[in-house]
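Asks: Turn this into a model:
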Amino acid sequence: MDRFQITVIRNGVEKKIEGKAGESLLTALSEHDIYLSAACGGKGRCGKCGVQMVSGATEIREADRQFFHEEQLEHGMRLACEAYPQEDCRVVIETGDESDFEIVTGYAGKENGENGAAAHEGNDAIDINDTADAENREKMRESEYDIAIDIGTTTIAVSLIGRAGRKVCGTVTRINHQRAYGADVISRIQAANDGKLGELSRSIRMDLYESMVRLLSGAQAAFSQIRRVAIAGNTTMGHLLMGYPCETLGVYPFDPVNIETTQVRFEELFGAAAAEMAGGDESPRYASEAIDVILLPGISTYVGADIAAGLLVCGFDHREEVNVLIDLGTNGEMAIGNREKILVTSTAAGPAFEGGNISCGMGSVSGAICQVEMSGTDVAYETIGGKDPLGLCGTGVIESTYELLKEEWIDETGMLDEDYFEDGFPLAKTPDGEDISFSQKDVREIQLAKSAVRAGLETLLLRYGVTYDEVSHIYLAGGFGFRMNLEKAAGIGLLPEELLERTEAAGNSSLGGAVEYLTAETAETRMEEIIGIAEEIPLASDKDFNRFYTDFMFFE
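Replies: Numbering: from 1, shown residues only. Prediction:
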């Protein structure tokens with residue numbers, strides 16, 4: 001049988017899809033807009049795409065045995081990326097759809113006419129949802145709007161801006177469903193190069209279009225009222241959105257197809273998504289002919305428009321003093337400078353800060369352990385949403401590492417105490433009684449990530465010719481930096497202790513930069529000036545970076 005039926009039950013909702021012989025269950029699910037996280041890109045290495053096949057279970061593969069014990073395997077637990085059904089089957093997904101992912105929308109913005117660094121949820125915006133009250137809707141109602149978008153590797157944020165008042169009047173967020181193709185940009189570049197570019201482009205365009213529809217619905221507005229859409233994101237996200245080939249992004253000399261300011265018509269990017277969402281019919285509700293879409297410029301392949309937007313909203317082009325911007329994502333992008341000179345770089349931190357490649361890691365969703373305190377073997381923790389513990393998010397990884405060091409369960413080389421070397425240090429149990437533990441491999445992952453970021457920062461400081469004393473502020477961009485305990489991050493060597501008092505969360509500075517681009521009269525010129533004075537420092541063959549990297553592998 002070449003084709004068969006897959007019945008999927010997720011969160012109590014049943015959906016029937018078609019499967020094809022020779023196609024993995026993960027692929028079949030993704031093709032029907034049922035997304036699972038697959039941090040490893042579907043290679044059977046991360047264990048994040050587990051499902052229960054209650055009927056029609058496939059053969060047990062070696063990768064399945066690495067993540068499920070015998071009783072689970074007997075009950076049909078399989079990795080979706082390793083399962084190749086050949087007949088009708090019934091699948092239960094218990095990992096959730098990550099719809100409750102915590103996404104920061106606040107950012108460093110202008111306060112009293114000057115660039116400030118206070119990051120706060122929503123930037124005083126109204127979060128649009130299906131139950132927005134009449135007073136808020138009246139507040140949001142204007143005749144014309146612009147839309148600002150941040151495409152993150154993990155999450156997406158979309159803000160509605162009233163053109164008259166130049167204020168954000170609503171924001172919606174969602175998961176970037178490209179996560180089904182890998183947690184980091186390298187995995188997605190590889191997926192695009194393996195023939196899935198069209199799928200990745202369709203995924204992000206649908207995500208953005210559906211977000212805009214939800215945004216306008218909450219504001220009781222229409223696409224006919226939208227004039228411009230400004231989009232910021234890293235270079236890979238921009239390429240996948242535009243459908244550019246990615247062959248040159250992942251190999252030396254890492255040349256992008258295009259990182260300049262790009263303007264296209266709305267219909268070109270989102271026409272197919274509009275038709276698909278409208279059921280194939282051209283509906284006046286989705287009219288879009290008059291909208292200009294602007295993809296903001298990047299600096300290099302691995303220092304993209306998200307960092308340029310962050311530099312814009314943080315006012316680097318106005319500052320005489322030297323400041324630092326760090327985005328603690330999978331690539332650890334960072335910049336140092338002022339209005340005269342900016343140096344940028346990117347270092348491969350890996351996905352550990354987002355819970356990736358961590359044995360019990362997960363995204364910032366309800367139930368993720370985000371705070372940890374230890375006294376001996378006693379562990380106290382807090383989870384996102386106060387829910388039962390399910391795993392560790394990035395801040396939980398940082399705090400677990402710090403606490404294990406403090407209690408001397410980890411030595412300065414990163415070696416776990418012999419009592420926990422094999423099975424890891426137990427932190428909590430899931431509602432099903434499964435251990436949530438921190439393993440020796442997890443320690444190594446965070447060592448690699450923190451040493452890469454710290455070495456990148458130290459190299460930038462050295463190349464710029466400044467000491468800690470000469471740095472005015474460090475701005476931490478992104479959701480991870482927004483929630484992170486700075487003292488504990490410095491305690492494991494991720495950040496310099498000498499700069500803690502001058503380190504602040506910048507929030508979603510990529511979204512903030514897109515808003516700034518649409519609302520500030522001189523923003524377009526300022527953005528080009530930032531791009532013009534920014535110089536990239538490559539780290540791959542930098543001797544100082546390699547020296548710093550080795551030094552900061554240790555816990556002092």
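Asks: wait, is residue 274 part of a helix?
Replies: Yes. When classified by DSSP: H, G, I helix; E, B strand; the rest coil, residue 274 is found to be part of a helix.
Asks: so what's it scoring on pLDDT?
Replies: According to the per-residue confidence, residue 274 scores 90 in pLDDT.
Asks: Distance-wise, check it relative to residue 82.
Replies: In this structure, residue 274 and residue 82 are 36 Å apart, going by C-beta to C-beta, to the nearest Å. (Glycine included, C-beta is placed from N, CA and C.)
Asks: neighbour count winner among those two?
Replies: residue 274 (24 against 21; other C-beta atoms under 10 Å).
Asks: That one and residue 212 touch, don't they?
Replies: No. With contact taken as C-beta atoms under 8 Å, residue 274 and residue 212 are classed as non-touching, separated by 9.7 Å.
Asks: which residues touch stretch 16-26?
Replies: Taking C-beta atoms under 8 Å, 6 or more residues apart in numbering as the criterion, the residues outside stretch 16-26 that touch it are 1-8, 28-29, 31-32, 34, 36, 38, 42, 49, 51, 53, 58, 78, 80-86, 89, 91, 180.
Asks: report the longest helix in the chain, please.
Replies: Secondary structure of the chain read by DSSP state H shows that its longest helix is helix 440-464.
Asks: and that helix, which residues are buried?
Replies: By 16 or more other C-beta atoms under 10 Å, the buried positions in helix 440-464 come out as 440, 442-461, 463-464.
Asks: ditto for stretch 340-351
Replies: Of the residues in stretch 340-351, 342-351 count as buried by neighbour count, 16+ other C-beta under 10 Å.
Asks: In CSV, list these along with secondary structure and pLDDT.
Replies: Converted to CSV, the buried residues of stretch 340-351 look like this (DSSP: H, G, I helix; E, B strand; the rest coil; pLDDT from 0 to 100):
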residue, secondary structure, pLDDT
342, strand, 98
343, strand, 98
344, strand, 98
345, strand, 97
346, strand, 93
347, coil, 91
348, coil, 83
349, coil, 82
350, coil, 76
351, helix, 77
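Asks: Which one of those residues is nearest to residue 250?
Replies: When these are compared for distance to residue 250 (C-beta to C-beta), residue 348 comes out closest, at 11.7 Å.
Asks: Verify the contact between that closest one and residue 452 for me.
Replies: Yes. Residue 348 is within contact range of residue 452, at 6.1 Å (criterion: C-beta under 8 Å).
Asks: Mind listing the shared neighbours of the two?
Replies: When contacts are counted by C-beta under 8 Å, 6+ apart, residue 348 and residue 452 have residue 332 as shared neighbours.
Asks: all helices of the stretch 101-250 of the chain, in order?
Replies: 134-140, 185-191, 197-219, 235-242 (DSSP state H, counting those that start in this stretch).
Asks: Sorry, slip of the keys, the one I care about is the stretch 301-450 of the chain.
Replies: According to DSSP H, counting those that start in this stretch, the helices that the stretch 301-450 of the chain contains are 305-313, 394-406, 440-464.
Asks: From residue 223, how far out is residue 271?
Replies: As for residue 271, its distance to residue 223 is 12 Å (criterion: C-beta to C-beta).
Asks: cool, residue 472 as well?
Replies: Residue 472 sits 43 Å away from residue 223, taking C-beta to C-beta as the criterion.
Asks: of the two, who's got more company?
Replies: Set side by side, residue 472 and residue 223 give different neighbour counts by other C-beta under 10 Å, the larger being at residue 223 (22 against 13).
Asks: now for the helix or strand encompassing residue 530, which elements pack on it?
Replies: Assigned by DSSP states H and E, residue 530 falls within helix 523-533. Helices and strands in packing contact with helix 523-533 are listed as helix 305-313, helix 509-519; criterion 3 or more C-beta pairs under 8 Å, 6 or more residues apart in numbering; DSSP states H and E.
Asks: Now find how far off-centre the last one is within its chain.
Replies: For helix 509-519, the distance from its own C-alpha centre to the chain's C-alpha centre is 18 Å (C-alpha atoms, centre = their mean, to the nearest Å).
Asks: now for that helix, which elements pack on it?
Replies: Helices and strands touching helix 509-519, as assessed by 3+ C-beta pairs under 8 Å, 6+ apart, comprise strand 145-151, strand 155-162, strand 226-233, helix 305-313, strand 322-327, strand 471-477, helix 523-533.
Asks: Tell me which helix or strand comes right after the longest one.
Replies: Helices and strands here follow DSSP H and E; after helix 523-533, the next one along the chain is strand 534-536.
Asks: Contacts for that following strand, please.
Replies: Outside of strand 534-536, the residues that reach it under the criterion C-beta under 8 Å, 6+ apart are 299-300, 303, 308, 311, 335, 337, 341-345.
Asks: what about that strand, average pLDDT?
Replies: Looking at strand 534-536 alone, the average pLDDT works out to 97.
Asks: Residue 153 touches residue 185, doesn't it?
Replies: Yes. Contact criterion C-beta under 8 Å: residue 153 and residue 185 qualify, at 6.0 Å.
Asks: Among the helices of the stretch 101-250 of the chain, single out whichever gets nearest to residue 324.
Replies: Using C-beta to C-beta, these put helix 235-242 closest to residue 324, at 20.9 Å.
Asks: Give me the distance from the helix or strand following that closest one to the chain's centre.
Replies: Scanning the chain past helix 235-242 towards its C-terminal end, the next helix or strand to appear is strand 262-265 (assignment: DSSP H and E). Relative to the centre of its chain, strand 262-265 is centred 24 Å away, using C-alpha atoms, centre = their mean.
Asks: now stretch 442-455
Replies: Here the centre of mass of C-alpha atoms in stretch 442-455, compared against the chain's by C-alpha atoms, centre = their mean, lies 18 Å away.
Asks: and that stretch, average pLDDT?
Replies: Stretch 442-455 comes out with an average pLDDT of 95.
Asks: For residue 41, give its distance to residue 48.
Replies: With distances defined as C-beta to C-beta, the gap from residue 41 to residue 48 amounts to 11 Å.
Asks: tell me which residues in stretch 376-391 are buried?
Replies: By neighbour count on 16+ other C-beta under 10 Å, the buried set for stretch 376-391 is 379, 381, 383-384, 389-391.
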